[in-house]
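Asks: Fold the following for me, if possible:
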Amino acid sequence: MRVLGALVEKEITTPEYYPLSLNALTNACNQKSNRDPMMALDEDAVRRALRSLTDQYIVRSASGDSRVAKFEHRLNEFYNFHRHEIAVLCVLMLRGPQTPGELRTRAERMYEFQDLDSVHAALNLLMRRDPPLVKALPRQPGTKESRFMHLLSGDRVPASGAEEVPEGAASGVNATYSERIAQLETEVSELRRELETLREQFSSFQKQFQ
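Replies: Presented below is the predicted three-dimensional model:
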């Protein structure tokens, strides 16, 4: 999932460097932003993943005239995704289960959702596909929003909200802190938007008395 998610992300965010070489793909898998858990894959591990994805016809070689082997995903050939669907699915592949608020914030570079309703619309499309590609998880105690997970690798809830737990991964406690920080980031972003709206309303109110 990390390899496939990285291919999807880079096609959208840096199309000028896509398809990706093995080295570029390895760096994309191991980058420290927009990834959970952090991973340290070597080229052999990425090569094995590519071989598996190629056998499933999800990835193919796309070297063209280049001497360096490059790779691209084929998800759109199978599913014909809308842009908001693939953005949501990509974040779920790269970061594990997410709330709609988290998805809206973290998909921003791939697709700008106007509001949470548009995120739910994308999730509903993915859940209504045959077979479904996303499902809602039971709401966790003390949380307002349900999280959603992708089903591309089966109906198995990842440990600590991660797609897989590699050697040297953070402990469950650290994973909990990471998840809480992500929730706080989303809440801060929403509060900033609300504050900006209040400022605009107050400014309009002041003008009535000028």
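
Asks: Now do the residue nearest in space to the middle of the chain, the pLDDT please.
Replies: Centroid-nearest residue in the chain: V91, 0.6 Å away (criterion: C-alpha atoms, centre = their mean). Each residue has a pLDDT score; the one for V91 is 98.

Asks: Please identify the helix or strand for it.
Replies: Here V91 is covered by helix 83-95, with elements defined by DSSP states H and E.

Asks: What about E72, how many residues nearby?
Replies: Using other C-beta atoms under 10 Å, E72 has 16 neighbouring residues. All C-beta spots, glycine's among them, are computed from the backbone N, C-alpha and C.

Asks: in its sheet, what does the helix or strand that contains it sit against?
Replies: Secondary-structure assignment from DSSP H and E places E72 in strand 70-73. In the sheet containing strand 70-73, its partner strands are strand 20-21 (antiparallel), strand 59-61 (antiparallel), by DSSP bridges.

Asks: wait, which of these is closest to P37?
Replies: strand 20-21 (21.0 Å; C-beta to C-beta).

Asks: Please parse this protein into its domains.
Replies: The chain resolves into domains spanning 2-78, 81-204 when parsed by automatic domain parsing.

Asks: Check these for me: which has the lowest mean pLDDT.
Replies: Ranked by mean pLDDT, the domains of the chain end with domain 81-204 at the bottom, a mean of 81.
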